[in-house]
Structure formats: C-alpha cells, structure tokens
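**Q** quick one: sequence plus predicted model below, questions after.
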Amino acid sequence: MSGVFDIAFVGGGIAALSAAYFLRGRRSVIILESEEALGYHATGRSAAEFAFRFHTPLAGKLAALSFPFLDQPPDGFCDGPLLAPRGILLVAYAEKQARLAEVQASEGGALESLTPEQALGRAPILNPEGLAGALFDPECWDIDVEQLFQGYQRGVRTNVGEVRTRSALLAAKRQAGLWHLETRTGKVMARTVVNASGAWADETAGLCGQAPLGLMPLRRTAITVSPPEGVVLAGLPEIEDIDEDWYMKPDAGKLLVSPADEHLSPPCDARPEEIDVAWAMHHVHEATILRPERPDHAWAGLRTFAPDRAPIVGQRQTDDGFFWLAGQGGFGIQTSPALGLLAASILARDPVPEDFAEFGTGAAKLSPNRFPLAPDHSG
C-alpha cells in the first residue's frame with residue numbers, strides 16, 4: 001500500500017497492534033516500528049499474567065472488559081486457548097501476619113484464607129519457617145502472549161494494514177491536514193498519527209511538536225532459576241508476597257522470579273542491574289526451599305506509566321490529528337482487547353462501546369485532556 005494512510009501508528013507493540021486489529025479495515029493503517037521485530041520491548045518481556053485483582057480499580061475494570069475476548073477469542077484468531085488457569089497465592093511471613101486480614105477485608109472476603117499447612121500443600125517449594133498463612137485467588141491465568149500478539153498481527157495484515165520494521169520516526173510535520181513523517185525507511189503521509197511508542201511516547205510527541213505528558217518508564221527485573229532434579233513446578237500457582245514486594249511463577253519448567261522493582265529509566269533497551277538480580281535471588285532463598293547458586297537468565301523491561309498510572313487513550317482538544325495510546329504500564333497485554341477496542345472506536349469515530357460507560361472507564365477518564373497543558377504550549 002502506498003499514498004496517504006488514514007492512520008500511522010508509531011510503535012509496533014501490543015498497544016498499536018490491538019488497536020489496528022479492532023479497526024478491522026475501516027481505516028487504512030501503517031505501523032512503524034523502530035526495531036527489527038514487532039513487540040521487541042515491553043510486549044516481549046511480559047510476565048504473561050492475567051488477573052482481575054491487585055491492580056488499580058481502573059485496571060481491574062479494563063481487565064474485566066478484556067476477559068471475554070481472551071477467554072473465547074474469535075474463530076481463527078489463534079490455534080489454541082489464550083488463557084491457562086494458574087491462580088495466585090499471596091503469602092505472608094511472621095512480620096506481615098496482620099496483612100492477611102487487611103488484604104482479605106479489602107477484597108471483600110473474596111479470597112480463600114489458608115493456614116501455613118494449606119499454603120504448603122498448594123506450593124510445596126515455600127519455606128515453612130515463619131510462614132504465617134496465605135490467601136488464594138483462583139482468578140488468575142497465564143496468557144499465551146505470543147498467540148495473542150500473532151493473532152492481532154494476522155488480523156492487521158488481513159485487513160490490508162502495512163507493517164514496517166526498522167522504521168524509526170526521525171521527524172514529523174503537519175501541513176494541510178496531513179502528517180509528513182520521515183522514517184529510516186522513507187517518507188510516510190498520514191491523516192492521523194497514533195503515538196503508541198511505549199517508553200518513547202513523550203519523545204515521539206516532541207518530534208510531532210506536541211507537549212509531553214510526563215510519562216514515567218519504570219524498569220522491572222526478572223530472572224529464571226532451575227529447580228533441583230525431581231522438583232516439578234508446572235502445577236504451582238503464582239506466588240506473591242502479600243505486599244507485592246516480589247512474585248514468582250512457573251515458566252517453561254523453570255521458576256520466574258521478580259523483585260517487583262520500579263526504577264525510573266530513560267527510554268532504552270532495558271538491561272538488568274546486578275543489585276536487582278541479587279534481590280531476586282534473595283527472595284528465592286528466603287521464600288522457598290530452593291537453593292540455586294545463580295540465575296539461568298536475567299532480563300529487564302520498561303513498564304511506562306502516566307503520572308496518575310491510568311492509560312492514555314485519545315486526542316487532545318488542541319492537537320490536530322495526534323492521538324495518544326500510551327501509559328499502559330504493567331497491564332497493557334491483559335487489557336489490550338479493551339484498550340484496543342476503545343482506541344479503534346474513537347479513531348473510527350464510532351460510539352464508545354456501552355460497556356466502557358457501564359464500568360466507569362469511558363473515553364473521558366482515559367483522555368489526555370485530563371492533564372493540563374504546559375503554559376507555553378501553542379497547540
């Protein structure tokens with residue numbers, strides 16, 4: 001496809017792909033990804049978890065809106081289930097025993113309360129010393145991120161959307177109602193630019209002459225360790241500290257562990273810091289009976305948040321043809337059906353789906369207009 005596109009997505013992660021998928025060919029689309037492969041940054045480094053609880057209330061509502069699609073994807077979207085039951089076990093050791101009742105109360109008694117013995121029955125790898133008890137939430141699933149992402153991609157390509165990798169945005173100018181975009185693979189013209197560039201979203205805004213929104217890329221670290229011979233991890237629930245100070249879950253025969261760290265970072269190809277890897281190993285040794293000497297693998301990713309930690313979906317009243325789809329933080333994959341549908345509805349000038357109003361997550365609540373413009377911004 002050539003000529004003028006209706007929409008140019010800057011960024012090739014799950015935010016862009018899901019929105020382009022739900023447009024379903026109603027607009028001509030091009031996706032511009034700076035890396036050699038789509039989904040290289042945050043999408044490809046996800047913990048692949050779906051849960052209704054333990055997010056902000058807004059993120060939980062977006063997850064609820066997304067669940068039907070993930071639980072029963074459309075015919076032909078994927079080759080197998082997108083969700084696999086996992087469950088979350090929230091554990092508390094002696095000094096945090098009081099937190100069990102507090103969290104149970106905050107969730108309206110919806111979580112199953114477990115004695116230390118019952119918790120060890122669910123997760124025999126736990127360190128029994130000082131274990132005060134646990135709460136169990138069955139409503140947690142593993143997401144097959146690769147199948148989900150590939151399903152979105154197939155839908156985009158089927159609807160004659162164009163995808164260009166290694167196409168970093170270099171410059172942008174709007175003239176006579178059209179965006180003229182300079183990329184590493186040539187010029188692109190589009191009526192609307194969708195800023196879906198993750199950690200780089202404020203930089204992309206600057207290239208397009210728009211005011212930044214103060215997005216915060218926060219680095220998070222994860223490692224995998226191998227269990228001793230004879231220890232099978234596959235049936236374990238996700239295990240999480242009662243205050244979410246760390247979490248661990250089975251991952252392809254190994255144990256994925258994160259210290260749940262959040263370190264402000266410039267936009268970059270994130271790499272793990274030694275201190276955060278050390279903390280992850282510390283949690284393995286403190287909370288389990290496993291004693292690995294070193295991690296098998298360590299990595300880091302950037303989870304990018306708006307100042308109020310809610311996603312940003314929409315166009316500023318003062319911005320002509322510049323659309324924000326950013327700030328999805330650590331829940332972009334599991335809420336991609338909801339946020340993708342919402343973005344596509346706005347971009348196609350369709351009514352916002354009724355479910356969004358019902359759940360209190362309509363376009364206004366997620367709009368960039370909730371942030372004040374800088375005084376010197378000229379529009």
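**A** Okay, I see it.

**Q** do you know how far residue 211 is from residue 113?
**A** 48 Å (CB to CB, to the nearest Å). All C-beta atoms are positioned from the backbone trio N, CA, C, and that covers glycine.

**Q** neighbour count winner among those two?
**A** More neighbours surround residue 211 than the other of residue 211 and residue 113, with 20 against 14 (other CB atoms under 10 Å).

**Q** secondary structure class for the more buried one?
**A** coil (DSSP: H, G, I helix; E, B strand; the rest coil).

**Q** that one against residue 205, yeah?
**A** Yes: in this structure, residue 211 is within contact of residue 205 by CB atoms under 8 Å, at 6.8 Å.

**Q** how about the strands of the stretch 251-379 of the chain, start to end?
**A** 254-258, 263-264, 297-305, 312-315, 322-326 (DSSP state E, counting those that start in this stretch).

**Q** looking at those, which is nearest to residue 28?
**A** Nearest to residue 28 among the strands of the stretch 251-379 of the chain is strand 322-326; the distance by CB to CB comes to 15.1 Å.

**Q** and the closest one, what does it pack onto?
**A** Counting contacts by 3 or more CB pairs under 8 Å, 6 or more residues apart in numbering; DSSP states H and E, strand 322-326 is packed against helix 14-23, strand 186-195, helix 201-207, strand 312-315, helix 336-347.

**Q** just checking: what are the partner strands of that strand?
**A** Using DSSP bridges, strand 322-326 pairs in its sheet with strand 186-195 (parallel), strand 312-315 (antiparallel).

**Q** show me the contacts for residue 84.
**A** 141, 142, 144 (CB atoms under 8 Å, 6 or more residues apart in numbering).

**Q** could you redo the last one with a cut-off of 10 Å?
**A** 48, 50, 141, 142, 143, 144 (CB atoms under 10 Å, 6 or more residues apart in numbering).

**Q** would you verify that the fourth one is located in a helix?
**A** No: if the criterion is three-state DSSP, then residue 142 is strand and not within a helix.

**Q** and the nearest residue to it once chain neighbours are set aside, which of the three is it?
**A** Nearest residue to residue 142 in three dimensions, chain neighbours excluded: residue 84, at 4.6 Å (CB to CB, 6 or more residues apart in numbering). Classification of residue 84 using three-state DSSP returns strand.

**Q** how much space between residue 84 and residue 47?
**A** Residue 84 sits 14 Å away from residue 47, going by CB to CB.

**Q** repeat that for residue 158.
**A** 29 Å.

**Q** of those two, give the one with the bigger neighbour count.
**A** Each of residue 158 and residue 47 has its neighbours counted (other CB under 10 Å); residue 47 has more, 19 against 12.

**Q** before we move on, the earlier item: as JSON lines, the strands paired with strand 322-326 with distance to residue 232 and mean neighbour count would be great.
**A** JSON lines is the format used below for the strands paired with strand 322-326 (distance: least, CB to CB, whole Å; neighbours: other CB atoms under 10 Å):
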{"stretch": "strand 186-195", "distance to residue 232": "44", "mean neighbour count": "20"}
{"stretch": "strand 312-315", "distance to residue 232": "42", "mean neighbour count": "24"}
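
**Q** nearest to residue 218, out of the strands of the stretch 251-379 of the chain?
**A** From these, taking CB to CB, the stretch that ends up closest is strand 297-305, at 5.2 Å.
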